[in-house]
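Undergrad: Give the three-dimensional model of this entry:
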Amino acid sequence: MSKSQNSLTREQAPVALANSACAPADTQTKTARGARARAGLKAAALVVLEREGYHKMRIADVTREAGVAQGLFYHYFKDLKSLTIGC
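TA: Numbers count the residues shown, from 1 in each chain. This next block holds a predicted model:
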């Protein structure tokens, strides 16, 4: 089974997530509270990524780890790919 161009290896995913601070301007938050929410989701995603791996990672796992509702995830990110590949 071949990997698609957009899939990340286990080694690439944390780097892509860490580099997502340079996301396009329209996805940046306008308030400090929003910045903290995005940062919390990113931190939770790293924990879930380490524990589950990229291909088993689910939005519900990330939001549960962050202690927020799934709707908040979708307020800041389109999907898991947009969370992990911001640049």
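Undergrad: Distance-wise, check residue 67 relative to residue 81.
TA: 23 Å (Cβ to Cβ, to the nearest Å). Using the backbone N, CA and C atoms, a C-beta is placed for each residue, glycine as well.
Undergrad: So the two - more neighbours on which side?
TA: More crowded of residue 67 and residue 81, by other Cβ atoms under 10 Å: residue 81, with 13 against 8.
Undergrad: Now the more buried one: which helix or strand?
TA: Following DSSP states H and E, the helix or strand that holds residue 81 is helix 80-84.
Undergrad: Now do that helix: which elements does it pack against?
TA: helix 12-18, helix 32-52, helix 59-66 (3 or more Cβ pairs under 8 Å, 6 or more residues apart in numbering; DSSP states H and E).
Undergrad: out of those, deepest packed?
TA: Neighbour counts (mean count of other Cβ atoms under 10 Å) averaged over each of the helices and strands packed on helix 80-84 peak at helix 59-66, with a mean of 18.
Undergrad: Who are the packing partners of it?
TA: helix 32-52, helix 70-76, helix 80-84.
Undergrad: I figured residue 61 was touching residue 52, is that so?
TA: Yes: counting by Cβ atoms under 8 Å, residue 61 does reach residue 52; the two are 6.4 Å apart.
Undergrad: Please report phi then psi for the closest residue to residue 83 other than its chain neighbours.
TA: Spatially, and ignoring its direct neighbours in sequence, residue 83 is nearest to residue 77 (4.6 Å; Cβ to Cβ, 6 or more residues apart in numbering). Dihedral pair for residue 77: phi -140, psi 150, per degrees, to the nearest 10.
Undergrad: contacting residues around residue 66?
TA: 40, 41, 43, 44 (Cβ atoms under 8 Å, 6 or more residues apart in numbering).
Undergrad: Which pLDDT value goes with the residue lying closest to it once chain neighbours are set aside?
TA: Nearest residue to residue 66 in three dimensions, chain neighbours excluded: residue 44, at 3.6 Å (Cβ to Cβ, 6+ apart). pLDDT recorded at residue 44 is 95.
Undergrad: check contacts around residue 44.
TA: Residues in contact with residue 44 (Cβ under 8 Å, 6+ apart) are 62, 63, 65, 66.
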